[in-house]
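1. structure here, sequence nowhere to be found:
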């Protein structure tokens, strides 16, 4: 889209979802793909051409996860629960969330996190994060790490070998 073709406003749940369900390497999808399949992200920030931060309207079906548990070195993240009651998992344990609750994850804190929908109802939340180049992402529960280079995440094993 050119700058002149960005919309002024949109109905968030009518923005097309991402065509690709996940950016994770195939080997990771082979392990966790079913739980990631129940996740749908609508890239609201991209619709308006935002470059400094991203905003996703994310739906988690029952049993789905928002992501593998992870922590960013340079990117801040924020979530706001619109509907449903997911469980937030961090390094300190689990925290039940409900509509109107929010959580933030400071860059460099090392506190790995993810949402899990352990209920029978869909969860709907806003995910907001910046797009700082040079970010490093750790996944403490997986043989996985990522670097944000040239506006894309590049995934490797923890020893640095590529997937």
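-> Thanks, I have it. Nothing here was measured: the structure is a model prediction, and the numbers come from that model.

2. sec struct for residue 30, please.
-> Classification of residue 30 by DSSP: H, G, I helix; E, B strand; the rest coil places it in helix.

3. and for it, the neighbour number?
-> Residue 30 has 9 neighbours, counted by other C-beta atoms under 10 Å. Yep, even glycine has a C-beta here, placed from its N, CA and C like the rest.

4. go on, the one 3 residues further on?
-> Per other C-beta under 10 Å, the neighbour tally for residue 33 reads 13.

5. what's the closest non-adjacent residue to it?
-> What sits nearest to residue 33 in space, not counting adjacent residues and going by C-beta to C-beta, 6 or more residues apart in numbering, is residue 22, at 7.6 Å.

6. what about that neighbour, how many residues nearby?
-> For residue 22, the number of neighbouring residues by other C-beta under 10 Å comes to 17.

7. give me the low-pLDDT residue ranges for this protein?
-> Applying pLDDT under 70 to the chain flags the ranges 1-4.

8. before we move on, back to that, contacts only, for the residue nearest to residue 33.
-> Under the criterion of C-beta atoms under 8 Å, 6 or more residues apart in numbering, the contact partners of residue 22 comprise 29, 33, 36, 39.

9. could you pull out the helices for this structure?
-> Residue ranges of the helices in the chain, as given by DSSP state H, are 26-37, 44-47.

10. residue 130: neighbouring residues, count only.
-> 15.

11. begin at 222 from here
-> In the new numbering, first residue 222, that becomes residue 351.

12. that one and residue 273 touch, don't they?
-> Yes. With contact taken as C-beta atoms under 8 Å, residue 351 and residue 273 are classed as touching, separated by 6.4 Å.

13. ok so, going back, of the contacts of residue 243 - the most surrounded one?
-> Of these, with other C-beta under 10 Å as the count, residue 260 tops at 21 neighbours.

14. hang on, isn't it packed against residue 244?
-> No. Counting by C-beta under 8 Å, residue 260 stays clear of residue 244, with 11.9 Å between them.

15. now do the contacts for residue 307.
-> Under the criterion of C-beta under 8 Å, 6+ apart, the contact list for residue 307 reads 281, 287, 318, 336-340, 344, 346.

16. now residue 311
-> Taking C-beta under 8 Å, 6+ apart as the definition of contact, the neighbours of residue 311 are 332-334.
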